[in-house]
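Visitor: With the input below, show me the fold.
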Amino acid sequence: MGKTWVLVADRVRARLFELESGNAALNEVEAFVNPEGRDPAGSRGDMRPTRSIESVGGARHAIEPHTTPETKYAERFARRLHDALEQGRVQHRYDQLVLVAPPRFLGALHGALGKNVRSHVVAEVRRNLTAMTPEQIRVHIGERALR
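Guide: Presented below is the predicted three-dimensional model:
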């Protein structure tokens with residue numbers, strides 16, 4: 001089987017585990033924190049859309065940003081995780097990769113991962129397991145993902 005890395009992430013936190021063989025325990029090799037992912041509205045000030053006054057008449061409308069700050073911060077964190085995964089790939093530290101993340105952040109990861117890293121993904125779990133113990137994560141992932 002070779003080495004398998006398991007990335008368990010959400011927009012605030014990520015944990016990277018290594019698995020040597022199918023029966024071994026998950027060993028945490030690195031942890032990442034994204035402080036920008038916490039409390040999106042409270043920590044960055046007023047997030048209301050800007051207002052604009054039309055030059056003809058008194059009509060007003062809200063101008064919504066194309067990408068929310070929360071989305072930008074999640075995408076930035078996903079790129080940071082990709083860099084760590086790419087470095088591990090180049091150093092031949094893993095053969096297979098399992099991604100575990102809630103659906104929205106998994107989408108951010110899909111957008112950030114390059115084709116070389118994506119080619120090592122053997123399974124995905126669409127759940128937020130960042131707060132669980134390695135043993136609990138292992139149970140949720142199941143044996144089929146760790147073959």
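Visitor: any idea where the strands of this structure begin and end?
Guide: 4-9, 13-19, 27-33, 50-53, 60-63, 96-100, 121-125 (DSSP state E).
Visitor: Just name the most buried of those.
Guide: strand 4-9 (a mean of 25; mean count of other C-beta atoms under 10 Å). Where you see a C-beta, it was placed from the backbone N, CA and C, and this is true even at glycine.
Visitor: got the angle for that strand vs strand 27-33?
Guide: Using axes from the mean of the first three to the mean of the last three C-alpha atoms, to 10 degrees, the direction of strand 4-9 lies 30 degrees away from that of strand 27-33.
Visitor: What about the nearest residue to Gln136 once chain neighbours are set aside, how many residues nearby?
Guide: Closest residue to Gln136 apart from its sequence neighbours, by C-beta to C-beta, 6 or more residues apart in numbering: Leu129 at 7.2 Å. Using other C-beta atoms under 10 Å, Leu129 has 21 other residues around it.
Visitor: can the strands of the chain go into TSV with extra columns for mean pLDDT?
Guide: TSV is the format used below for these (pLDDT from 0 to 100):
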stretch	mean pLDDT
strand 4-9	96
strand 13-19	96
strand 27-33	96
strand 50-53	43
strand 60-63	56
strand 96-100	96
strand 121-125	95
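Visitor: mind putting those in CSV, distance to Gln87 included?
Guide: As requested, those are exported to CSV (distance: least, C-beta to C-beta, whole Å):
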stretch, distance to Gln87
strand 4-9, 11
strand 13-19, 11
strand 27-33, 10
strand 50-53, 40
strand 60-63, 40
strand 96-100, 13
strand 121-125, 16
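Visitor: can you pull the contacts of the residue nearest to Pro103 when sequence neighbours are not counted?
Guide: Among residues not flanking Pro103 along the chain, Arg126 sits closest, at 4.9 Å (C-beta to C-beta, 6+ apart). Contact analysis of Arg126 by C-beta atoms under 8 Å, 6 or more residues apart in numbering lists Ala101, Pro102, Pro103, Leu106.
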